[in-house]
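A.B. asks: only geometry, no sequence info:
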C-alpha cells in the first residue's frame, strides 16, 4: 500500500484542489486578500473591495443582497490573467474588506453605515481605489456622500451605465434604488451637468424624469445612440468632458443596463439593453482614466439569474475595469 | 357566415372563460368580492381578507411580499365547494380589502400601518373575521396589537403552527420575522401561557429560545410529539385549554411549518415538517372553534416555490379554515 | 397612533401601488382601456387590442394560448414613454377588447369566430388599427380573411417576419400554424407576389416549400441576407414595393423569428435567428408606414419562455410598432 | 495497440450500453416488443400497449400528448423484476403497438380513430389486455366505447382513480377531458351505478356535479374517506361490488389523483391527493382481479413534471398493475 | 455623523452576520472545527468528517462529487440544538478533515487514496467516529477495507439503507457505485450474513442479484416490509442481530433510498422509497448503538436536487445520526 | 364507423408522425442512416458519425457524456435543406456508427478504444469524413492519434475553436479535457506551428500557458482580435496558412467557445465568447476547404443547457459544417 496520503494528513487540511495544481493558474479568489491579524500596513493595497448586501431599499422585491457572496463564489472560476490584453491583474494588491453591517429592519441605519464605510476606506486606505459590490442602487448615494465627506473640496462627476435615470423623488419612496442620482443632486453633492448616464433605453423611464434630467443638465445617451456612435467613443467623450470639469469620476454600473438576454438577474431586466462585450469595453476604458477613483456594481439579484450568466458578467465587468486600471499611464 | 360573435361585441368585454361556462362551478375569485363604489353596507361580510405584502423585515432575503397576489392568482383554480365535507363556502360573504400600504424604505411606518389596518377592520367590519395574507411573520405582532387596541379588555391567546418559536430578541433585529411572539410577550399583549405552538422540529431553534419559552410558560408540541399524539388531538387540546383562559384565539400559520417537500417556498423550508393533509385538518378544526376570531398565513415566498405547490397549499389552508368556519355550531 | 390609513379604507380599495406613486410614470396597463358600461363612443379608439388564445391548431404541442394573458401581465412593467424616440404612446387611445371565444374541442368553430371578430372590429371600430395577440400562426389566415370580408375591394399585402414560410398544405394538417400563408393563397385572398417574408433561415423549411414560394412569386429574404443588407433597409424596400401594389399591408410577426437566445419561448425556437434590437427597429419602421393597417404577434408559448425574456420582447415589439404608429406623418 | 474494438465494428452497430452488460438486468424497454415484419401471430401477446398522444381536447392547456413518449423513455430506467413481490414481469408477452393517428386540427376525427384502435385491438389481439397511455381523459370515453362495440353484450364497470368526477356537460365543451364519464352515461355505454370513483377531494368539483353523480347512482369515495378506511380495503370493496354486477371492469387512472407533491405534472395538480405508495397498492390490487380487462393512464403533462417524478410514478403505476396481473389466480 | 462603524474596520474583517447575532444560535458550520496550525492534540475529537468527492465511478452520469461542498454550504442553515430530543450536538467535538485527494483521470489511484485516508483517520484519530460524505457508493468498499486494515481482527457488519443491493460484478464494471457490497464479499472483508440492507424496493434490482444475495445469506428487508413492520423495529432487529455477531457495524446510507419526492437528487431517484421522517428515525437509532463505529452518506448529486430538499435531508440525516450518538448509554 | 385505422394496424407500427406527413420535409434523423445487416458496401458513405460519450476525464464535473444522444434527439427538429445556401444535405450519404465503448471505471481503456475507433473508421470507411460528437475535449488527442496511425506520413494541422489553449500538463491531470493539444505536441503527432486556435478570451487561460503556446509557435487569435478582423477572414487566413503546410486539417470545436448566453451548457461557459452566427459561418467556411478531413464537437453538457439552446447550436454547427462540405469545389 502506498504511503502518499500521509503528508497531506500532516498538513492542516488535505483538500487537493484540482484546479490549482498548475501553479501558474492563479484564480481570482487566491489573489484577493482578506484582512488578518498579522497584516500590518493596510495602505499598501491598490484596491479595496467592499460588499454592501442591502436590497431592502429596492422598489420591487430583490435579493441583490446576495450578490456580494455570489460574486465571491463565482470569481473562483476566473483567473487573474487577461489574455486579450496580456495583462496579469496579480500585479495589483487587492483586499476584500468584507461586508458593511446590515440592520435587519432599520434601513436608515444601514444607509448611514455605508457612508461611514466609504469614509473609513478613504481614511485607512487613502491610496486604494474603492470597488464596491452591491446591493441595490440606493447604496451609490451613500457611497458618493462618503467620498465627498472625505474629500470635501473635490468636485465629483458620475459616469453611470444604467437603463434608468434613477432620478425619482425620495419624498414618496425614501432613499430607494430609484433615487440615488436625485439625492446627490438634491443634497448638492454632485451637479447635474457632471452626471453622464449611458445606456438608457426603451419604455422604462417616465417622461417627467427625462424633463427633470434636461432641466438639471444631466448628460445622457440612450442605448441606440451609444451603439450608433460606438460604445467606446461614447464613453471616451464622457470621460473627456468630465476630465476638464471634475476632480473625481465615480463609476457606477447598474447591472440592469445589460439586455435581459445577457443579464437576466436584474430585478428590472429588459430587452433592448447593452451586451456584455460592450459593457466590458466600456468599463475597461473607464478603468484606464486616472480620474476614475471609485466604482460600484449594483442591482444584480443572483436568485433571478439564469445559468449564472449575469453573475459571471458582473465578475468579468469588475476584472475588465481592473484591467483598464493596470493600463493607466 | 355565422353571426354568433356579435352579441359578445355588444357586451362590454367579450372574453369567454371556458372554466366558468358551467355556472355551477363557482371559482374562488368569483366568490370573493372586492370593494366598489355602490356597495353601501360593509358590515354584511363574514370574512375580510387583507393582504400585507411586507417581507423587508425578514432576516434572510424573502419575496413573501409577492404572496398576497400569488394567492389571489392561484385561487382562480379552486372552487368554493368542499366535496369531502359537502360544504359550499359560497354561503359566506367574503371581501378582499386589498393590500396594506407599504413604504419602500421605512419599515416602521409600514408596521404601524398594519396595526391601523387591523383596527380599521375591527371598526368597519366588526362582525367579520379578519383573514390576513402575509408577508412575513413580523406582521403578526402588528395585527395582534391592532386587535388588542380594538378590544382592550379581551385576553388573547395564540395558536401558532410553526417550525420556529419566533422568540428572538428585537434588541438586535428590530421587529423582524423571528421576533413576533417575543414582541407580544415583551409588550404584554399576550401572556406566554396563552401561546400554543405546534409543529416545531429539528435543528432550527436555538437552545436558549427553548429555555426562554419554558420560562415564559409557552406551550409547545414538536412535530414528532404532535404526530405521535395525532395532529387533530393536539390541536383540539390546545383549543380546549385556551377556551377556558382567553376571549379570543388568534390563529397564525407560518407556512414554513410544512415539510420542505410540501412547502418548498418558505425561506426557511426544512425537512422534518408537517404534511399538507395534517395542516388542512389542523386549520379546519381551528376554524370550527368559536373563539378563533382571526387568522393569518405568513412566510411563503412564491419565487422560491416549486410547481406552485406551496402557494396552492396556502390557498387550501385558507379554504380548509373557512370550511371549519362554516361548520361552527 | 396615526390615522393615515382611514382615508384609504374609505376608498373602494386601499391597495397602495408603489410603482404608480409617481404619477408621471404611467404604466402600459394604466393606459390601455377596457370596455365598460358607460363608454359611449367606441369609434374614438386609435387601436383595438384583441387576444386570440388558440394554440390547439399547432403542429407541435404549444401553450401559446396563454400568451395574451402573459403579455397583459408583463406590460405592467413597461411605461408608455419611449425615451429613445421621445414619444409618449399615451397620445394614442387604445382599448383591450378581451379574447375571442374559444371552443374547447371544435377548432373550426373557433377559427370562424376569429374571422368574425375581425369583421366586428372593422364594423365597430372602423378608424382603429387592430392589433392582435395570438395564439398560434393559424389565426393570421382567419384575421386576414376577416379584413378581406370587411374591405372586399382592397388588395392586401403581407409583411411577415418569420423563420418559416408557413406554406404547408392544409390537405393533411387542416388549417394549422404551418399553413396560414398557403391558405390565403389557395383561397385567393392574397397573391403570392404581395407576400414579403423576412428572417427565414437555417434548416427549418423544406425544399419543396421554397420551390412553392418561388412558383407563387413570394418575396423572401433570409436572415443572413437581411442582416447583410441591414434589417431596416430590407424592411423599407419591402414596404416600398408593397406600397405601389396594395391597399393594405398586414404585418404578422411570428415570434419564432427571434434567435433562440432572444426568444426561447417559441415552440420552434432555433439558433440563427433575429435579435430583438433588429426586430424592434423592423416593426417601428413598419409602424410608420400609412398602409400598415393591422398587426398580429403569434407563436409565443409563455410556459416555454425563460426568465420572461420572450414575453417582454413581445411587449416591446408591440410598443415599438406603436411608436412607429405615432410617428406617421 | 489492442485490437478489441474490431469485433464491435464488424457488428452493425457498436454501441456498448453499460446498463445492459449484466444480462440479468432486463430493462423494461428490452422486454416490451414492437411490431415488425416477420412477426406472424399477433394473438400471442398478453398485453397490448397503445399510446394516444391527444391533449388538444383538454380544458386547460396541456402537453399530455407528450406522455406516451415520455413513458417510453422513462421505463428504460426500470427493470422487469419486482423485488417486493418476487415477480418477474418478463413472464408476460407485451407489445407496444405505437400511437393512434392524430389529426392536427380535427379532434373529432382523432377521437373516432381512438375508438377504432380499441376495436382493432380487440379483433387482432383478443386475448391481450389493452393498456393505454394517454393523452388526456377524453380518450377514456372513446376507448370504452370501442370496447363496447367489440363486446356488445357485456356490461362494463368503471374503476376510476381521479380527483374529479369528469361528469361535465359536452353541450358546452364538446368531448373534453372533463366529460368522459358523462359521455358514457349519456350514451348508455355504462350505468352510473357501475362507476366507482376513488380519490376525489378538496375544492375541485362543482357542487352540481356531486348532485348529478348522486342522481346517477355513481359510487365515490373521497381521498379522506379512502385513507381512513384504507386504500386497499376501498379498492377491494369496489372490485367486489362490481364483480357481482358487470362483465368487464375498465380501470382508468387519472394521474391528477396524486397529490401535487407526488404528481406535479398533472395540468390540474392539487394538494390533498393520493401518494404514490397508495396508488401502487391500489392498481396492483386491481391488476389481480380477473374482471379488470383494460386500463388507461391519463392526464400527465411531462413538460409540467418536476425531476421526472410524475412520469416515473406513471411507469411504476403501469408496472404495479402488471405485477397484479401476474398474480391473478 | 455617527462613528459606529470604526470598531469594525479595526477588526480584521467587518462582516456582520445577521444570523449569528444571537449568540445562542450556534450554527453547524460554527461548531464543526477545521484543522489549523496551532491545534496540537488531534485525538480529542469525537467525530472526524471526511469528504470524498468522487463520482467518476458511477454507472450513470453523476455530480455526487459536488456533494461534500454542498453539504458544507447547507449546514450553515442548521443549528446544533435538536429540539425534539433536547440534545445539543455542540457537546461533541467534531473536525472536518477536508476532502480526499482526487486524481482527474485515474480512478484506481483515487480509490486507493480513500482506503489510506480511512487508515490514517484510524491512526491519527483512534477515538473518533469517522463520518464520510461521498461521492458515490464505490467509496464504501474502499472505506470498509481501510477500516479492516486498521482493525485486522475485527468482524465487520454492514447496515445498509439503500434502494439497491450493490452486488453487481466488478468484472464488467470495475469498482463502481453498483459493486461495493459485492467487492467486500469477494475480497472476504465482510460476510454476506453480516450485511443487512433495508429499504430496497420496486423494479430497480435484477432478479439474479436477489438470488446472489440469497446465496450469500445477505439479510434484506424491502421498503414495503420495513414500513409494515415499522422502520424503527426493523432497524432495531438488524442492530440486535449484528450486535451478537460482529465487532463493528458500519452504517452506509445511500441517499437514493429516499423516495424521489423526498430525495430528487439521487442519480437513480425512484418512487416507492423511504420518507425523510423514516430515515431520520432510522439513523438516530443506529447512532445510539455502541457498535456503530463509522458512517457514510453517498450518491447524492446536488445538481439534480430540487429546491435543496435532498441536500438538506442529507444534513439532517447526519445530524440525526449524531443525535443518536449523543444518546449512547 | 370508418375503417381507416385498419391499414395502419396491418403495417408493423401505426405511429402517425405529423411532421413527416409532408414528404418533402426530410428531417435529419430520417436522413442519417444507421448500420444494419443487409447493408453491404460501407465505403459508399460520405460522412461517418461517431459518438464518444466520455466525460469522466473532465477536470470539473461534466455530463458531456450525454451529448451524443442529446444531439441525436435534437436533430429530429432540423431538416436537411439549408435555405440560406439553397443546399440540401440529403445529397450526402451519412451513417451513424453509434458510440465508442465506454468502461465505467477505466478511463485509459476507454481512451484507447477511441483511438482504435478512429483507425477502424479510416480502414472501413476510407472515403468518408469522420464527424465525432463528444464527450469532452480529451477525446481529440485520441482521435488525432488514431488518424495519425492510419495516415503515418501525413502532416496534421489543427483548426481549433476554443476558449482555452488546452495545453495543460498531463503530469498532474493525466489525459484530461485540459490537455489534448499538449499531448499531441508532447507525443509529436502535431507541431505547435500547425495549431491555429481561434476564439480564446478573457480570464480563462493561465499566463504560463500563453508563454508555452508562444514557445511552441502555436497560432492563436483571441475573440476580440477575431471579431475585429472578421471571423470569416480569420478562419480563411488560418486555412490558407495551413493549406501550404499540412496534408490534413483536423477541425475541433470546443462548444465552450460560445458566449455563455449562446452556449450555457458548457461546463466552463463564460461571457465574452463567440456568437452562434459567427460559429456557423466559421465552420461552414472550414467545411468548404478540401484539406479539412475530420471534425469533432466537444464539451457540451446537455444537463447544464438551458432551453436546449446549446444543443441546438451544436446540431446547427454540424449541419453548417456539412453545408460547407457540400460546397467543396
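C.D. replies: Here it is on my side, so go on. This is a predicted model, so every value here is computed, not measured. Residues are numbered from 1 along each chain as shown, chains lettered A, B, ... in the order given.
A.B. asks: for the stretch 101-250 of chain A, what spans make up the helices?
C.D. replies: Assigned by DSSP state H, counting those that start in this stretch, the stretch 101-250 of chain A shows helices spanning A:107-124, A:138-150, A:170-173, A:180-186, A:207-216, A:223-229, A:231-243.
A.B. asks: any residue of the first one touching chain C?
C.D. replies: No - counting by Cβ under 8 Å from any Cβ of the partner chain, no contacts exist between helix A:107-124 and chain C, the nearest distance being 14.6 Å. All C-beta atoms are positioned from the backbone trio N, CA, C, and that covers glycine.
A.B. asks: now swap in the third one and tell me
C.D. replies: Yes - when contact is scored as Cβ under 8 Å from any Cβ, part of helix A:170-173 falls within range of chain C: A:172, A:173.
A.B. asks: buried residues in that helix?
C.D. replies: Of all the residues in helix A:170-173, those buried under the rule 16 or more other Cβ atoms under 10 Å in any protein chain shown are A:170, A:173.
A.B. asks: and the closest residue to residue A:34 other than its chain neighbours, backbone torsions?
C.D. replies: Leaving aside its sequence neighbours, residue A:34 sits nearest to residue A:96 (Cβ to Cβ, 6 or more residues apart in numbering or on different chains; 5.3 Å). Backbone torsions of residue A:96, given as degrees, to the nearest 10, read phi -90, psi 110.
A.B. asks: who are the contact partners of residue A:96?
C.D. replies: Counting by Cβ atoms under 8 Å, 6 or more residues apart in numbering or on different chains, residue A:96 touches A:32, A:33, A:34, A:35, A:49, A:51, A:72.
A.B. asks: for the residue nearest to residue A:259 when sequence neighbours are not counted, give me the pLDDT.
C.D. replies: The shortest distance from residue A:259 to any non-neighbouring residue, by Cβ to Cβ, 6+ apart, is to residue A:273 (3.7 Å). Looking at residue A:273, its pLDDT stands at 98.
A.B. asks: now the phi/psi pair for residue A:273, please.
C.D. replies: Per-residue torsions, residue A:273: phi -100, psi -160 (degrees, to the nearest 10).
A.B. asks: these two touch, right, it and residue A:260?
C.D. replies: Yes - contact criterion Cβ atoms under 8 Å: residue A:273 and residue A:260 qualify, at 6.8 Å.
A.B. asks: helix, strand or coil for residue A:252?
C.D. replies: Assigned with DSSP: H, G, I helix; E, B strand; the rest coil, residue A:252 falls in the strand class.
A.B. asks: give me the residue ranges of chain A where confidence is low.
C.D. replies: Within chain A, the segments meeting pLDDT under 70 span A:1-24, A:36-43.
A.B. asks: coming back round to it: what pairs with the residue nearest to residue A:34 across the strands?
C.D. replies: Counting by DSSP bridges, residue A:96 is bridged to residue A:34, residue A:49.
A.B. asks: how close does it sit to chain B?
C.D. replies: Using Cβ to the nearest Cβ, to the nearest Å, residue A:96 is found at 21 Å from chain B.
A.B. asks: again with residue A:254
C.D. replies: For residue A:254, the distance to chain B equals 17 Å [Cβ to the nearest Cβ].
A.B. asks: neighbours of that residue, how many?
C.D. replies: Applying other Cβ atoms under 10 Å in any protein chain shown, we find 28 residues neighbouring residue A:254.
A.B. asks: do the same with residue A:325
C.D. replies: When neighbours are defined as other Cβ under 10 Å, residue A:325 has 24 of them.
A.B. asks: what's near enough to touch the closest residue to it other than its chain neighbours?
C.D. replies: Leaving aside its sequence neighbours, residue A:325 sits nearest to residue A:287 (Cβ to Cβ, 6+ apart; 4.5 Å). Residue A:287 makes contact with A:320, A:321, A:322, A:323, A:324, A:325, A:327, A:328 under the criterion Cβ under 8 Å, 6+ apart.
A.B. asks: now with 6 Å, please.
C.D. replies: Contacts for residue A:287 were tallied using Cβ atoms under 6 Å, 6 or more residues apart in numbering or on different chains; they are A:321, A:324, A:325.
A.B. asks: wait, a helix at it?
C.D. replies: Yes - the assignment for residue A:287 by three-state DSSP puts it in a helix.
A.B. asks: so which bits of chain A are right by chain B?
C.D. replies: Residues of chain A found near chain B (Cβ under 6 Å from any Cβ of the partner chain) are A:56-57, A:59, A:61, A:63, A:65-66, A:104-107, A:173-176.
A.B. asks: which one of those is nearest residue B:92?
C.D. replies: Taking Cβ to Cβ as the measure, residue B:92 lies nearest residue A:61 of those, at 31.6 Å.
A.B. asks: and the closest one, helix, strand or coil?
C.D. replies: Put simply, residue A:61 is coil when judged by three-state DSSP.
A.B. asks: repeat for the one 4 residues further on
C.D. replies: What three-state DSSP gives for residue A:65 is helix.
A.B. asks: hmm, it is touching residue A:53, no?
C.D. replies: Yes - assessed by Cβ atoms under 6 Å, residue A:65 is found in contact with residue A:53 at 4.1 Å.
A.B. asks: could you check how many residues crowd around whichever residue of the stretch 1-150 of chain A sits closest to chain C?
C.D. replies: Distances between the stretch 1-150 of chain A and chain C by Cβ to the nearest Cβ are smallest at residue A:59, namely 5.8 Å. A count of neighbours around residue A:59, defined by other Cβ under 10 Å, yields 20.
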